[in-house]
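[1] Need coordinates for the following:
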Amino acid sequence: MKRFSLRVAGIMLGMLALILLQCVNVGADEPKTVGWKILKGATKGTYTPRAHQDGDDQLVVGLFTASKDLLEMKTPVLVVFPGCTEDPSTGGKPILNLRNIIDGKEASPRYNDKYTDPGPRWRMCPENNALLLEPGETVRLNLIVDFLRAVEEGMRLELPGRVYEVSEADRRLTGGDPEKLSQLMMTRRPMGSIVIDLFYRLKLKEKTWVRNSYARI
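    This is a model prediction of the structure:
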């Protein structure tokens, strides 16, 4: 029984190691093309645990070309966001006898059939889904953050984006319109990516939030 338990634990550790390696390798050799910084926004406030038009936090971030090569070549880039993003769902139901399975006392999992997915904790929406960045220029992007559930915990909010190189031919074809450019880029491979990540801590009883760095949250 002990040998079986150690074998199961070893398999689980191996799977975890593979997942971590995949996470590290994704984008590891990808050059940084676009950077971002917060230009305007409060660092604390109150929240109402539901979706509403104005959100619980509104902030402005600045996007800028971070690649030295792109700056030297005076190459404009297009940043495309997928729209609103939400807290990723965990999926599935809690396993009631996980400890016994790991210890080899039971072979089949027993699930909590009464469990219902509580839904996402947050939603973050960009005002514009596509932005054209000229070399050396900082473009402002408004973000609206909604906290959808009352919780007592820290969280990381992410807004991923794809970065495309824009040629003179692309500009002539679209008139430099970011939305038209984003349609044009749909069949192309991006040259890079960007992730706007924000760190918050919510208080359950007070219905307050604080935004800070990862280390402080």
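[2] Moving along the chain from the lowest-mean-pLDDT helix or strand in the chain, name the first helix or strand you hit.
    When the helices and strands of the chain are compared on mean pLDDT, DSSP states H and E, helix 2-25 comes out lowest with a mean of 44. Going down the chain from helix 2-25, the next helix or strand is strand 34-41, by DSSP states H and E.
[3] Compute the number of surrounding residues for residue 127.
    13 (other C-beta atoms under 10 Å). The way it works is simple: take the backbone N, C-alpha and C, and place the C-beta from them, glycine included.
[4] Can you name the helix or strand that the most centrally placed residue in the chain falls in?
    Geometric centre of the chain, nearest residue: residue 158, 2.2 Å, by C-alpha atoms, centre = their mean. Using DSSP H and E, residue 158 falls within strand 153-165.
[5] helices or strands up against the very next helix or strand once past that strand?
    Sequence-wise, the next helix or strand downstream of strand 153-165 (DSSP H and E) is helix 168-174. Packed against helix 168-174 by the contact rule (3 or more C-beta pairs under 8 Å, 6 or more residues apart in numbering; DSSP states H and E) you find helix 178-184.
[6] helix or strand right after the helix it packs on?
    Under the assignment DSSP H and E, the closest C-terminal helix or strand after helix 178-184 is strand 192-203.
[7] Which strands border that following strand, and is each parallel or antiparallel?
    Sheet pairing of strand 192-203 (DSSP bridges) gives strand 153-165 (antiparallel), strand 208-212 (antiparallel).
[8] quick one: buried residues of that strand?
    192-194, 196, 198-202 (16 or more other C-beta atoms under 10 Å).
[9] closest to residue 112 among those residues?
    Nearest to residue 112 among those: residue 202, at 24.9 Å, using C-beta to C-beta.
[10] hmm, back to that, so can I have TSV of the buried residues of strand 192-203 showing distance to residue 213?
    Below are those laid out as TSV (distance: C-beta to C-beta, whole Å):
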residue	distance to residue 213
192	24
193	22
194	18
196	14
198	10
199	6
200	11
201	11
202	16
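[11] could the residues you listed go into CSV alongside distance to residue 178 and pLDDT?
    Formatted as CSV, the buried residues of strand 192-203 follow (distance: C-beta to C-beta, whole Å; pLDDT from 0 to 100):
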residue, distance to residue 178, pLDDT
192, 17, 95
193, 17, 96
194, 15, 97
196, 17, 98
198, 23, 98
199, 28, 98
200, 29, 98
201, 34, 98
202, 33, 97
